[in-house]
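J.: Sequence first, then the predicted structure, then my questions.
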Amino acid sequence: MIEVESLWKSFNGVEALRGIGFSARDGEITGLIGPNGAGKTTTLRILYTVLRPDQGLASVDGFDSTRQRRQVQQRIGVLPDNRGLYPRLTAREHIRYYGRLHGLNGDQLESRIDRLIERLGMEDFCDRRAKGYSKGQTLKVALGRALVHEPHNVMFDEPTNGLDIASSRAVRQLIREIRDQGRCVLFSSHIMQEVEALCDRIVVIAEGRVVADGTPEDLRQSTGRADLEDVFLRAVAVED
Amino acid sequence: MRNIWIVFAKETLDNLRDRRSLYLGLIYPVIGAVLLGMLVSFVGGMFRGQGTSSISLAVVGGDQAPELMDFLTGNGIDLLPGPNAPRQAVRAGSADAVLVIPDGYAEDFGAMRPASLDMVINATRLSTVITVSRVVGVLRAYDREIGETRLRNHGIDPAVASPLNIRSINVGRSRNLAGFFLNMLPPFIIFTIFVGGVYLAIDTTSGERERGSLEPLLANPVARWEFMLGKAMATFLFTLTAVLVQLLAFKLMFELVSAGEYGVKVNPDLGAFVGVLLISLPLVAFAVALQIIVATVSRSIKETQTYLGLLPLLPSLPGMILVFVPLKAQVWMMTIPTFGQILLIGRLMRSEPVAWLHVVVSVGMTGLITGLLLYFAAYLYDRDQLLFGG
């Protein structure tokens, strides 16, 4: 369960968030969608504890992302926009590092790593150093290290950004699987078709505010438009 | 503690696989010792010529002065036939020096008039100084001997013609040259302290940010200061390794040089090197903390590299000056990180006694300042700015 209440954040006087508020429930996929610079990444960064808000509350399973960082960090798996790897470590070592930082070790950790390698299809490169990995391979490693501790809440920032069709599809399949296990998925995207295909709930953001929030069906009904892309453009345009 | 250890272990493994880190940690520190060793053997070899071994001298017109030629040979100077153009030969370096005996020599000598001898030398070539000074010394001795003989033949005591007897008494411990080399050690060691782990400091903070691996890392359930300390410890390990390698290289160099015939009979004992290592420990931590701070506030790897490239020059500067102008160690000097260590390392390397008070003040103050710097680094790590730099 992820909750955000009237979140404000500015950088050097430029307001990135102006009172954003929404929630993402367990067993649902919640999509954050909005134009570039709307505040999606900043919202996620506050949620996954790497930035502090100026005002407002961001919480995960009831724990405050600012004041109870440790508890929040234990409950989240994160795929940030920055998903760089260590060029001199293998995929397996990347996942092991994050697993250890989550308090895992020994056989339990190794068997989880093996399972992730199998699930994500990393067998043919998992013991090769990361230098020279393709975008798809890099993403798989980044997903593996985000999920090794089997977090109850996952946050993906533009997970399919720059991926080919097959890889994007694999990521979407993984997101559904996580949801079906009753976990909470929050992800951001600027691709409407992707959000529509995946989300149980959509939060549309523009200029640091939530401009629409609901199931895809809710949004269609409230605006009277059948195409979600129209809904989106309208919602964003109203803001301007 | 466990988290710090995990971060430390990962950074150590990662950088052991990096050639640049290994170069700075293992190869670079040896270079100083090798260079110094070459310098010692070269300069030592130069001065060795002053001993009993013979030197050779080219002579033009030697047939006019057979007595002088015998005298030179008798004093261990091998005579070679002179070149046709002595000045060009010396300028070109094909002869160290040429003794030219002008045509009127035999006539003047026989008539007891001052007879001219020309020494063609090149003062800009340092390596010929020994040859020239030795030949000139032998010529003076011949001059004096002939003069005394002539005075005696006239019934005059030669002592009358020598009103002064000038002696210089050298109270140096016959290792001035060696002392000079010993004074060059502190700046080398200080430089290594500030360079040995610099690649890790850059890679683990600026590098992590620029690669985009910092953001996901920070979402793990680990306090920011734990990340900082783990990274600082890995940097500390690499720096310490570099210092250790350098000290071993210096020790080996002294063993080789003092065993060889270089006239540099100096070899600080192993205890002195252990002392240097212990005194350096807090300074290594100081350098690491400073590097982490710089790497945290810089906006890019390039910016960090620029700052950290300049950093070692600053603290080694006083050491460079102390090579030429030795300074008496005072307690207040020990409170300044790097300055106190330079003085203490210098004393240890010259096998001079070290005051315990000085050691305690140096270690204590540098340790205290390092603690404050690490605290500041932890504060910097805790800011939102960590993600973006600046």
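T.: On my side now, so go ahead.
J.: what does chain A put close to chain B?
T.: Where chain A comes near chain B, counting by C-beta under 8 Å from any C-beta of the partner chain, the residues are A:45, A:48-52, A:69-70, A:73-74, A:76, A:78-89, A:93, A:97-98, A:100-103, A:129, A:142, A:145-146. Every residue, glycine included, has its C-beta placed from N, CA and C.
J.: Give me the buried subset of those.
T.: Neighbour counting by 16 or more other C-beta atoms under 10 Å in any protein chain shown classes A:45, A:48-52, A:69, A:73-74, A:76, A:78-89, A:93, A:97-98, A:100-102, A:129, A:142, A:145-146 among the residues of chain A next to chain B as buried.
J.: Just the strands from the chain, written as ranges.
T.: Looking at chain A here, since you left the chain open. Under the criterion DSSP state E, chain A carries strands at the ranges A:2-11, A:14-24, A:29-33, A:55-60, A:63-64, A:76-79, A:153-157, A:184-189, A:201-206, A:209-214.
J.: sorry, should have said chain B
T.: Under DSSP E, chain B gives strands at B:55-60, B:77-81, B:98-100, B:118-120.
J.: Name the residues of the last one that come out as buried.
T.: Residues of strand B:118-120 classed as buried: residue B:120 (neighbour count, 16+ other C-beta under 10 Å).
J.: for the second one, same thing?
T.: For strand B:77-81, the buried set under the neighbour-count rule, 16+ other C-beta under 10 Å, comprises residue B:77.
J.: List the strands paired with that strand, with their directions.
T.: According to DSSP bridges, strand B:77-81 has the following sheet partners: strand B:55-60 (parallel).
J.: Residues touching the strand it pairs with, excluding its own?
T.: Outside of strand B:55-60, the residues within contact range by C-beta atoms under 8 Å, 6 or more residues apart in numbering or on different chains are B:49, B:69, B:72, B:76-83, B:86, B:89, B:95-101, B:130-131, B:134-135.
J.: among those residues, which ones are buried?
T.: By the neighbour-count criterion of 16+ other C-beta under 10 Å, these include these buried positions: B:69, B:72, B:77, B:82-83, B:86, B:89, B:95-101, B:130-131, B:134-135.
J.: if I pick residue B:125, what's in contact with it?
T.: Applying C-beta under 8 Å, 6+ apart to residue B:125 gives the contacts B:93, B:96.
J.: give me phi/psi at it?
T.: Here the main-chain torsion angles of residue B:125 (degrees, to the nearest 10) amount to phi -100, psi 100.
J.: confidence score at the closest residue to chain A within chain B?
T.: In chain B, the residue that lies nearest chain A is residue B:212 (3.1 Å; C-beta to the nearest C-beta). What the model reports as pLDDT for residue B:212 is 94.
J.: Compare the strands of chain A and give me the one nearest residue B:13.
T.: Of all the strands of chain A, it is strand A:76-79 that lies closest to residue B:13, at 23.3 Å by C-beta to C-beta.
J.: Can you give me the separation between the most centrally placed residue in chain A and chain B?
T.: In chain A, the residue lying closest to the centroid (C-alpha atoms, centre = their mean) is residue A:156, at 1.7 Å. Counting by C-beta to the nearest C-beta, to the nearest Å, the gap between residue A:156 and chain B amounts to 11 Å.
J.: Touching the helix or strand of chain A with the lowest mean pLDDT from outside, list them.
T.: Taking mean pLDDT, DSSP states H and E as the measure, the helices and strands of chain A show their lowest mean at helix A:228-239, namely a mean of 73. Outside helix A:228-239, the residues that touch it by C-beta under 8 Å, 6+ apart are A:33-35, A:192, A:195-196, A:202, A:204, A:206-207, A:209, A:211-212, A:216, A:219-220, A:223, A:225.
J.: can you list the weak-confidence ranges in chain A?
T.: Counting by pLDDT under 70, chain A has low-confidence residues at A:238-240.
J.: let's go with 80 and repeat that
T.: Scanning chain A for pLDDT under 80 picks out A:222-240.
J.: What about the residue of chain B closest to chain A, how many residues nearby?
T.: A count of nearby residues for residue B:212, using other C-beta atoms under 10 Å in any protein chain shown, gives 16.
J.: ok, it touching residue A:86?
T.: No: taking contact to mean C-beta atoms under 8 Å, the distance of 10.8 Å between residue B:212 and residue A:86 leaves them out of contact.
J.: on that earlier part again, turn the strands of chain B into JSON lines, columns for distance to residue B:231 and mean pLDDT.
T.: Formatted as JSON lines, the entries for the strands of chain B read as follows, by distance: least, C-beta to C-beta, whole Å; pLDDT from 0 to 100:
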{"stretch": "strand B:55-60", "distance to residue B:231": "59", "mean pLDDT": "88"}
{"stretch": "strand B:77-81", "distance to residue B:231": "65", "mean pLDDT": "88"}
{"stretch": "strand B:98-100", "distance to residue B:231": "65", "mean pLDDT": "91"}
{"stretch": "strand B:118-120", "distance to residue B:231": "65", "mean pLDDT": "90"}
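J.: Out of those strands, which gets nearest to residue B:345?
T.: When the strands of chain B are ranked by proximity to residue B:345, the top entry is strand B:55-60, at 38.9 Å, counting by C-beta to C-beta.
J.: Using PDB, write out every CA atom in that closest one.
T.: What follows is strand B:55-60 as a C-alpha-only set of coordinates in PDB (Å, rounded to 0.1, in the frame of the first residue of the first chain):
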ATOM      1  CA  ILE B  55      90.700   8.000 -14.700                       C
ATOM      2  CA  SER B  56      91.900   8.800 -18.300                       C
ATOM      3  CA  LEU B  57      92.900  12.100 -19.700                       C
ATOM      4  CA  ALA B  58      93.600  13.100 -23.300                       C
ATOM      5  CA  VAL B  59      96.800  15.100 -23.700                       C
ATOM      6  CA  VAL B  60      98.100  17.200 -26.600                       C
END
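J.: Tell me which residues of it come out buried.
T.: With burial defined by 16+ other C-beta under 10 Å, the residues of strand B:55-60 counted as buried are B:55, B:57, B:58, B:59, B:60.
J.: Of all pairs in the residues you listed, which one spans the longest distance?
T.: B:55 and B:60 (17.4 Å).
J.: quick one: contacts for the spatially closest residue to residue A:20 that is not a sequence neighbour?
T.: On the basis of C-beta to C-beta, 6 or more residues apart in numbering or on different chains, the spatially nearest residue to residue A:20 that is not a chain neighbour turns out to be residue A:7, at 4.5 Å. Taking C-beta under 8 Å, 6+ apart as the contact definition, residue A:7 lies against A:17, A:19, A:20, A:21, A:43, A:46, A:53, A:55, A:56, A:57, A:58.
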